[in-house]
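J.: I'd like to go over a predicted model; first the sequence, then the structure.
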Amino acid sequence: MKMSLSIIKNHLPLLLIFLLISLPLLLHSCKSCDCPEDSLDGIRAFKPENKYFKSALVALHFMMETSPPAEVDTLFKQVIQAYELPISAEGAKDGIYIGATPYDAFDYRHEVKIVIEDGKILKVDYNEVKKDGHGKQEDLEYCEEMSVTGTTPAIAYPIMEKMLLEEQNMMQVDAVTGATYSLYRFRLAVTVALMQALI
């Protein structure tokens, strides 16, 4: 734990710079549209003693969208460890939980709906949804455009959902070739849902 906190501290100036750069953009985009309630407000109660907890997740989301996959992987693991974020449904309350990230630069929010019973995830449904309500899985034009990578959201997302149901641990879900960034978006949405199940 000491090692992961020192790594976080070493990257903190970079995280703060990215947060300061992205904050005006985020504020501007929310003022210029009818955005729904902030998707991360519901998890503040997971770490109520830490007033920067939500900001750390916003910064992580920004880094996920702007950094190479190797850096995203390292930073994601560090944040999970530093804040002791849930990676499974162990100890979670039974129910249906929705986890969502902030909107990205392309106006997609990464959303997951999970059903938990007896500490296990029984159902999972993930999609990346545009502000107008259209999901990537259903967007034929987007899927055709992405098919050159070897996959599409309609192929990759169900594979990740199946892995989560089998492994019961979001960190054991592997990236689908051609959808590397979607793995981290999926994991962040899942951990947001799991935090709500533990609050």
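T.: Perfect, thanks for sending it.
J.: what about residue 55, neighbour count?
T.: 15 (other Cβ atoms under 10 Å). (Each C-beta comes from the backbone N, C-alpha and C, glycine too.)
J.: And it, how far from residue 109?
T.: 18 Å (Cβ to Cβ, to the nearest Å).
J.: What helices and strands are in contact with whichever strand or helix holds residue 78?
T.: Counting by DSSP states H and E, the element that carries residue 78 is helix 69-82. When contacts are defined as 3 or more Cβ pairs under 8 Å, 6 or more residues apart in numbering; DSSP states H and E, helix 69-82 sits against helix 2-31, helix 53-66, helix 180-198.
J.: C-alpha coordinates for the second one, CSV please?
T.: As requested, C-alpha coordinates have been extracted for helix 53-66 and formatted as CSV (Å, rounded to 0.1, in the frame of the first residue of the first chain):
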residue,chain,number,x,y,z
PHE,A,53,-12.3,11.5,-3.9
LYS,A,54,-14.7,12.4,-6.7
SER,A,55,-12.1,14.7,-8.3
ALA,A,56,-9.6,11.8,-8.4
LEU,A,57,-12.2,9.7,-10.3
VAL,A,58,-12.8,12.6,-12.7
ALA,A,59,-9.1,12.9,-13.3
LEU,A,60,-8.8,9.2,-13.8
HIS,A,61,-11.5,9.3,-16.4
PHE,A,62,-9.7,12.2,-18.2
MET,A,63,-6.4,10.3,-18.1
MET,A,64,-8.2,7.2,-19.5
GLU,A,65,-9.4,9.2,-22.5
THR,A,66,-6.1,11.0,-23.2
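J.: quick one: it to helix 69-82, angle?
T.: 160 degrees (axes from the mean of the first three to the mean of the last three Cα atoms, to 10 degrees).
J.: Which positions in helix 53-66 come out as buried?
T.: 53, 54, 56, 57, 58, 59, 60, 61, 62, 63, 64, 65 (16 or more other Cβ atoms under 10 Å).
J.: Out of these, the closest to residue 177 would be?
T.: Nearest to residue 177 among those is residue 64, at 18.3 Å by Cβ to Cβ.
J.: For residue 169, grab phi and psi.
T.: phi -150, psi 120 (degrees, to the nearest 10).
J.: so it sits right up against residue 89, yeah?
T.: No: between residue 169 and residue 89 there is no contact under Cβ atoms under 8 Å: 9.3 Å.
J.: between these two, who's got more neighbours?
T.: residue 89 (27 against 16).
J.: The more buried one contacts residue 119, correct?
T.: Yes: Residue 89 lies in contact with residue 119 (Cβ under 8 Å); the separation is 5.4 Å.
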